[in-house]
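*Asks:* What would the 3D arrangement of this be:
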Amino acid sequence: MAAFDMKKLSTVDRVIVGASIVALVALFLPWYGASSSLYSASVSGFSTSYGWLGGLLIVAAGAYLLLLRSDGKLPSLPVGPGFLVLGASLLGTVVVALRWLTLPSGSAQAGGITYFSYGPRVGIVLALVVGIVQVACAFTLFRRSGESVPWAAKPGAPRDGGTDSGH
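*Replies:* Numbers count the residues shown, from 1 in each chain. Below you'll find the model as predicted:
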């Protein structure tokens, strides 16, 4: 196995891989919790229903790019690597955002003093932020790669389902 050369990664690649590492760490941080003056409890990203799936997709996008740049043996896929990294990043970030939006939150106050609060915590916010950063960089990577989206018509191919009306 050849030694990995960090110089093979562009700045965009490094941000994508770095975001995936931060997302992995964020999965172990509190994503949801409740606290009062007497008690505090929280759960990590792995315990927030489907939220972990989004975090793992963000991690997978960076891991795939790292394997690709280190000349790892990867199977041939029907889509290009730029599109795959962008798709995984975008889907993962959307899943994390949906989980964040669907987490209940609230607090109980009396006389301006909060006695009880519950809602999203630092881990999910961190995962969402690095997901957004990764999507932006993955979009740049996709644009620079010159790949086209898989559903785009090939140049010279008829656009109306294969029939040529002669117009």
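*Asks:* wait, what's in contact with the most centrally placed residue in the chain?
*Replies:* Residue closest to the mean C-alpha point of the chain, counted by C-alpha atoms, centre = their mean, is residue 58 at 3.1 Å. Residue 58 is in contact with 19-20, 23, 88-89, 92-93, 96, 127, 130-131, 134, counting by C-beta atoms under 8 Å, 6 or more residues apart in numbering. Every residue, glycine included, has its C-beta placed from N, CA and C.
*Asks:* make it 6 Å
*Replies:* By C-beta atoms under 6 Å, 6 or more residues apart in numbering, the contact list for residue 58 reads 20, 23, 92, 131, 134.
*Asks:* can you list the residues that contact the longest helix anywhere in the chain?
*Replies:* Across the chain, the longest stretch assigned as helix under DSSP state H is helix 122-145. Helix 122-145 has contacts (C-beta under 6 Å, 6+ apart) with 12, 15-16, 19, 22-23, 26, 29-31, 45, 55, 58, 82, 85-86, 89-90, 92-93, 96-97, 100.
*Asks:* Give the rounded mean pLDDT of stretch 87-95.
*Replies:* Average pLDDT, stretch 87-95: 97.
*Asks:* What about the contacts of helix 122-145, which are in strands?
*Replies:* 30-31 (DSSP state E).
*Asks:* Show the buried residues in the contacts of helix 122-145.
*Replies:* 12, 15-16, 19, 22-23, 26, 29-31, 45, 55, 58, 82, 85-86, 89-90, 92-93, 96-97, 100 (16 or more other C-beta atoms under 10 Å).
*Asks:* May I see the contacts of residue 58 organised as TSV, with distance to residue 39 added?
*Replies:* Compiled in TSV, the contacts of residue 58 are given as follows (distance: C-beta to C-beta, whole Å):
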residue	distance to residue 39
20	34
23	29
92	33
131	31
134	35
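*Asks:* Go through those and say which is closest to residue 63.
*Replies:* Distance to residue 63, by C-beta to C-beta, is smallest for residue 20 among the contacts of residue 58, at 6.2 Å.
*Asks:* Name the nearest residue to that closest one, ignoring sequence neighbours.
*Replies:* Distance criterion C-beta to C-beta, 6 or more residues apart in numbering; nearest residue to residue 20, sequence neighbours excluded, is residue 62 at 2.4 Å.
*Asks:* ok, residue 87 to residue 143 distance?
*Replies:* Separation of residue 87 from residue 143 (C-beta to C-beta, to the nearest Å) stands at 14 Å.
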